[in-house]
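Trainee: sequence and predicted structure below; questions after.
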Amino acid sequence: MKPFDLHGLATYELQSRPSKVFVEDLGRPLDAGASFSDWLDSLPHQLAGKEIRAARDAICAACTNGRCVGVGIGGHVIKTGCGPYLIDWIRRGVVTSISMNGSAAIHDFELALVGKTSEDVAAQLPSGKFGMARETADAFAVAARIGADEGCGLGHALGRHISQAPCRYPEASVVLAAYEAGIPCTIHVALGTDIVHMHPHVSGAALGEASLIDFRWLCTIVSRLKDGVWMNLGSAVIMPEVFVKAVSVARNFGHDLDGLTAINLDKSSQYRSRVNVMERPTSTAQGRGIELIGHHEILLPLLHLAVVTRLAAGQSTSVKRAA
């Protein structure tokens, strides 16, 4: 055996070769005082720099054309202080529905009621005090009963409860913002995963029924996502699993989801959010999946401002309420 003889190797001109990166894709450093729009446009036209623009464009196009923009969130989105960006989107008419897991709803309620959330589990667990906050359990006990008995679902009932409760910071609640705006808010509970499930007066039957009603509301939401947007923000398991089942129901009834843009924003790439949100629902829907990986407290404010700046600039001239 001897080294390969490279003499006679076939070559070609560099200019003729297909390439993935071009000089016009490069980022452009800006001077101090540049506008946000200039900064966003200056980002490299590669990978996340390209994807955040695509996410902005999809959301703005859906708003302008009166299509639905649904958002599913996990608890970490609320804990990292990103609720106000969602609230602003709701009030502007950008977001047309909010869905969340149980932990997000709990953090949202606690912030509204007393202005703090996310207890120190390590400190509370040894004494058996972890998850024993009275007011949080009471709120979910009441909301579950109302949501089940009246057939309005857990999210709507919790929104009504927050609106009537003596909250110190109601402006901090995404659930309340959705309730006041008259848009669907659905809460998807996995029994045994949330602190309120440990309290004896929280009815599992009521909680399950109210959350199942919310799943059926989500099926209605998903059935209207043709040419719309679904954003999965910070939920690695619950919301991707709930979403893909709602997609199946919508398609079972013959609803057209063509043109759906599915956006996943999370601090790390996860199997379910990638496959059940970005890939499977869009694979036969002439749509696309977009993934933005990074800290919620940085990426979501950037995406929020990118959308409102584009809309305010008249590049998407109006926001129509989705039917």
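Mentor: Received it, and whenever you're ready, just let me know what you need.

Trainee: and stretch 278-286, which residues are buried?
Mentor: Neighbour counts over stretch 278-286 (16 or more other C-beta atoms under 10 Å) mark 278, 280, 281, 282, 285 as buried. Where you see a C-beta, it was placed from the backbone N, CA and C, and this is true even at glycine.

Trainee: before we move on, what about stretch 304-315?
Mentor: 304, 305, 306, 307, 308, 309, 310, 311.

Trainee: residue ranges of the strands in the stretch 101-250 of the chain, please?
Mentor: 185-188, 229-233 (DSSP state E, counting those that start in this stretch).

Trainee: in JSON lines: those strands, plus mean pLDDT.
Mentor: Below are the strands of the stretch 101-250 of the chain laid out as JSON lines (pLDDT from 0 to 100):
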{"stretch": "strand 185-188", "mean pLDDT": "98"}
{"stretch": "strand 229-233", "mean pLDDT": "98"}
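
Trainee: so for residue 65, which of those strands sits nearest?
Mentor: strand 229-233 (10.9 Å; C-beta to C-beta).

Trainee: can you list the strands that the closest one pairs with?
Mentor: For strand 229-233, the paired strands and their directions (DSSP bridges) are strand 69-73 (parallel), strand 261-266 (parallel).

Trainee: neighbouring contacts of it?
Mentor: Strand 229-233 is contacted from outside by 58-59, 62, 67-74, 77, 82, 222, 239-240, 243, 260-266, 273, 277, 281, 296, 300, using C-beta atoms under 8 Å, 6 or more residues apart in numbering.

Trainee: for this protein, which spans come out with low pLDDT?
Mentor: 315-323 (pLDDT under 70).

Trainee: coming back round to it: right, so of the strands paired with strand 229-233, which gets closest to residue 115?
Mentor: strand 69-73 (19.8 Å).

Trainee: C-terminal to that closest one, what's the next element?
Mentor: Per DSSP states H and E, strand 69-73 leads on to helix 75-79 as the next helix or strand towards the C-terminus.

Trainee: now do that next one: distance to the chain's middle.
Mentor: Averaging C-alpha positions (C-alpha atoms, centre = their mean, to the nearest Å) puts helix 75-79 11 Å from its chain's average.

Trainee: now do residue 40 against residue 51, distance only.
Mentor: Per C-beta to C-beta, to the nearest Å, residue 40 is found 12 Å from residue 51.

Trainee: same check, this time on residue 262
Mentor: 12 Å.

Trainee: same question for residue 163.
Mentor: 37 Å.

Trainee: please apply the same query to residue 312.
Mentor: 22 Å.

Trainee: cool, and residue 250?
Mentor: Distance from residue 250 to residue 51, by C-beta to C-beta: 26 Å.

Trainee: more neighbours, the two?
Mentor: residue 250 (22 against 16; other C-beta atoms under 10 Å).

Trainee: now the more buried one. Nearest residue, chain neighbours left out?
Mentor: Distances taken as C-beta to C-beta, 6 or more residues apart in numbering place residue 223 nearest to residue 250, at 4.1 Å, with adjacent residues excluded.

Trainee: then residue 294?
Mentor: residue 267 (6.7 Å).

Trainee: near that neighbour, how many other residues are there?
Mentor: So residue 267, with other C-beta under 10 Å, has 16 neighbours.

Trainee: so where do the helices sit in this protein?
Mentor: Under the criterion DSSP state H, helices of the chain are mapped to 36-42, 47-64, 75-79, 83-92, 102-114, 121-124, 134-149, 154-164, 174-181, 204-223, 238-252, 271-272, 296-312.

Trainee: hmm, which of the contacts of strand 229-233 are the buried ones?
Mentor: 58-59, 62, 67-74, 77, 82, 222, 239-240, 243, 260-266, 273, 277, 281, 296, 300.

Trainee: show residues contacting stretch 175-185.
Mentor: 86-87, 90-91, 95-100, 105, 108-109, 112, 155-156, 158-160, 162-163, 167, 170, 174, 187, 217-218, 220-221.

Trainee: what about the closest residue to residue 195 other than its chain neighbours, distance to residue 140?
Mentor: Take residue 195 and drop its neighbours on the chain: the residue closest to it by C-beta to C-beta, 6+ apart is residue 131, 3.1 Å away. Distance, residue 131 to residue 140, using C-beta to C-beta: 12 Å.

Trainee: mutual contacts of the two, please.
Mentor: residue 196.

Trainee: between the two, tell me which one has more neighbours.
Mentor: Taking other C-beta under 10 Å, residue 131 and residue 140 do not tie; residue 140 has more neighbours (32 against 18).

Trainee: list the contacts for that one?
Mentor: So residue 140 contacts 105, 106, 109, 158, 194, 196, 202, 207 (C-beta under 8 Å, 6+ apart).
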